[in-house]
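S.K.: Next one to model:
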Amino acid sequence: MNSKTRKVITITLIWTLLAILLFLYAHFYLVIALPPDQVSGWYYPKANFTGYVAGSLLGGMFFGYLMVFRSYYKTRRKTFAYGILYNAGLFIALYAATAILATVPITLVADSEATAGSVFRVVLGVLTNPASLVSMAIWALIVAGTQFMLQVSDKFGQGVLWNFLTGRYFHPREEERIFMFLDVTSSTTIAERMGHTLYFEFIREFIADVTDPIIDHKGEVYQYAGDEVVVSWKVGDRKANANCVRCFFAIQDHIAHLAPKYEARFDVVPTFKAGLHAGEAMVGEIGVVKKDIAFSGDVLNTTARIQGACHAYKSALLLSTKLLRMLTLDEGYESEALGSIRLKGKEQEVELNTIRRAQPQP
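M.R.: Next up is the predicted model:
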């Protein structure tokens, strides 16, 4: 199950819980505030409860799908306010459309002699009914809150918000992690030619375009440093560990697919190099005003040095032998040992390898 599907399921479950709470509030308000003789005869708790739950389940799945798989791509590069207002407005429009589509046939069936004017008045009455307006407003706020949380989650990074809420790293802990340092090639030359304004747009576009391949391969963006992206994976089984390699080549393919866009807008297609390594890292919350979850340890320094050696080896991807032994390469990829080097600032030598797509046999 990928991360987007999990988000839709989470939205559906949370909306269902909220619907149950709204039902309980309405139910006990009616029971406490109104005399029994004013409630009986028109209020059916079981039917209402079923309607609340069924509506929230269907609405959560449908609108969760729209928010995560559809409107996400329209709002991801917009402001927070745009994303919130866009989805709240979309919900109100769909809510009204659903009410109209449900009301019109029911009205025509109930009154075969109904005119367009009478149908319009019925529809208007349904849409302006205080109960409908309150329900629409409440759920529009829920949609806006959901979109806000999705955007906050994206701001912190995959899974980081949940880690903050649960306090997973409030007390620092040691974890075995895979790191990838990915850096745009010849960035200084490109920046000098473009100028700082256009270059900033170039880097912002590149970082936005590499995001989906990273998420699709279960990577966690740790930080951005200029034109460099640092990605992390938790160490798992050998097949899962190979996500770091799959991610690199998926980014290559994605950027190649977007080459016409870069040529037209920037007159250059970005190329990049990456270093991969695995090791123990300390993970914990850091900061007071701008709190973050930070990593520290020799594994980060070593990964950065490996990435820095890409130019010397004329290779777009370098990884340590330690990491290579921890993963199983997919069919169609091959590794090549490059020997041992002493990386800058390191006393012990590190064995380096490169991975490339296997050439088809003649």
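S.K.: What segments of this structure are strands?
M.R.: 173-184, 220-225, 228-234, 272-286, 292-296, 317-320, 333-341, 350-357 (DSSP state E).
S.K.: May I see these arranged in TSV, with mean pLDDT and distance to residue 123 as well?
M.R.: (Glycine included, C-beta is placed from N, CA and C.) Shown next, in TSV, are those (pLDDT from 0 to 100; distance: least, Cβ to Cβ, whole Å):
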stretch	mean pLDDT	distance to residue 123
strand 173-184	93	55
strand 220-225	88	47
strand 228-234	93	51
strand 272-286	91	53
strand 292-296	82	51
strand 317-320	94	61
strand 333-341	87	60
strand 350-357	91	59
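S.K.: Most tightly packed of the ones you listed?
M.R.: strand 317-320 (a mean of 26; mean count of other Cβ atoms under 10 Å).
S.K.: Pull out the CA atoms of that one and give them to me as PDB.
M.R.: The C-alpha trace of strand 317-320 is given here as PDB (Å, rounded to 0.1, in the frame of the first residue of the first chain):
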ATOM      1  CA  LEU A 317      26.000   7.300  -8.700                       C
ATOM      2  CA  LEU A 318      28.400   6.100  -6.100                       C
ATOM      3  CA  LEU A 319      27.600   3.900  -3.100                       C
ATOM      4  CA  SER A 320      29.600   2.200  -0.400                       C
END
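S.K.: how far out from the middle of the chain is that strand?
M.R.: How far strand 317-320 lies from its chain's middle: 27 Å, per Cα atoms, centre = their mean, to the nearest Å.
S.K.: Roughly how far does residue 229 sit from residue 190?
M.R.: The gap separating residue 229 from residue 190 is 16 Å, by Cβ to Cβ, to the nearest Å.
S.K.: where are the low-confidence patches of the protein?
M.R.: 1-3, 30-44, 73, 155-161, 163-166, 288-290, 344-346, 360-362 (pLDDT under 70).
S.K.: Let me see the contact set for the residue most central in space within it.
M.R.: Against the mean C-alpha coordinate of the chain, by Cα atoms, centre = their mean, the closest residue is residue 154 at 5.5 Å. Going by Cβ atoms under 8 Å, 6 or more residues apart in numbering, residue 154 touches residue 76.
S.K.: Which residues lie in contact with residue 325 in this structure?
M.R.: If you count contacts by Cβ under 8 Å, 6+ apart, residue 325 has none.
S.K.: so what's the backbone phi/psi at it?
M.R.: Main-chain torsions, residue 325, degrees, to the nearest 10: phi -70, psi -10.
S.K.: what about it, distance to residue 175?
M.R.: In this structure, residue 325 lies at 19 Å from residue 175, with Cβ to Cβ as the measure.
S.K.: repeat for residue 6
M.R.: From residue 6 across to residue 175, the span is 21 Å (Cβ to Cβ).
S.K.: again, but for residue 149
M.R.: Counting by Cβ to Cβ, the gap from residue 149 to residue 175 is 26 Å.
S.K.: The nearest residue to residue 203 once chain neighbours are set aside: neighbouring residues, count only.
M.R.: Nearest residue to residue 203 in three dimensions, chain neighbours excluded: residue 227, at 5.1 Å (Cβ to Cβ, 6 or more residues apart in numbering). Counted with other Cβ atoms under 10 Å, the neighbours of residue 227 add up to 20.
S.K.: what ranges do the helices span in the stretch 101-250 of the chain?
M.R.: Counting by DSSP state H, counting those that start in this stretch, the stretch 101-250 of the chain has helices at residues 116-128, 130-156, 160-166, 187-194, 196-216, 238-241, 243-257.
S.K.: Deepest in the core, which of these is it.
M.R.: Across the helices of the stretch 101-250 of the chain, averaging neighbours per residue (mean count of other Cβ under 10 Å) puts helix 243-257 on top, at a mean of 19.
S.K.: Give me the nearest residue to residue 235, chain neighbours excluded.
M.R.: Closest residue to residue 235 apart from its sequence neighbours, by Cβ to Cβ, 6+ apart: residue 176 at 4.2 Å.
S.K.: which residues does residue 271 contact?
M.R.: Neighbour list for residue 271: 184-186, 316 [criterion: Cβ under 8 Å, 6+ apart].
S.K.: rerun that using 6 Å as the cut-off
M.R.: Contacts of residue 271 were listed using Cβ atoms under 6 Å, 6 or more residues apart in numbering, and they are residue 185.
S.K.: Backbone torsions only: list them for it.
M.R.: Dihedral angles (degrees, to the nearest 10) for residue 271: phi -120, psi 160.
S.K.: So what's the residue count around residue 315?
M.R.: Residues near residue 315, counting by other Cβ under 10 Å, number 20.
S.K.: My read is that it contacts residue 355, right?
M.R.: No. Look at residue 315 against residue 355 with Cβ atoms under 6 Å: they stay out of range, at 9.1 Å.
S.K.: Please give the number of neighbouring residues around the nearest residue to residue 12 once chain neighbours are set aside.
M.R.: Excluding the flanking residues, the one nearest residue 12 by Cβ to Cβ, 6+ apart is residue 60, at 3.2 Å. Here the number of neighbours of residue 60 (other Cβ under 10 Å) works out to 24.
S.K.: Distance check, the closest residue to residue 245 other than its chain neighbours against residue 242.
M.R.: Nearest residue to residue 245 in three dimensions, chain neighbours excluded: residue 355, at 5.8 Å (Cβ to Cβ, 6+ apart). Separation of residue 355 from residue 242 (Cβ to Cβ): 10 Å.
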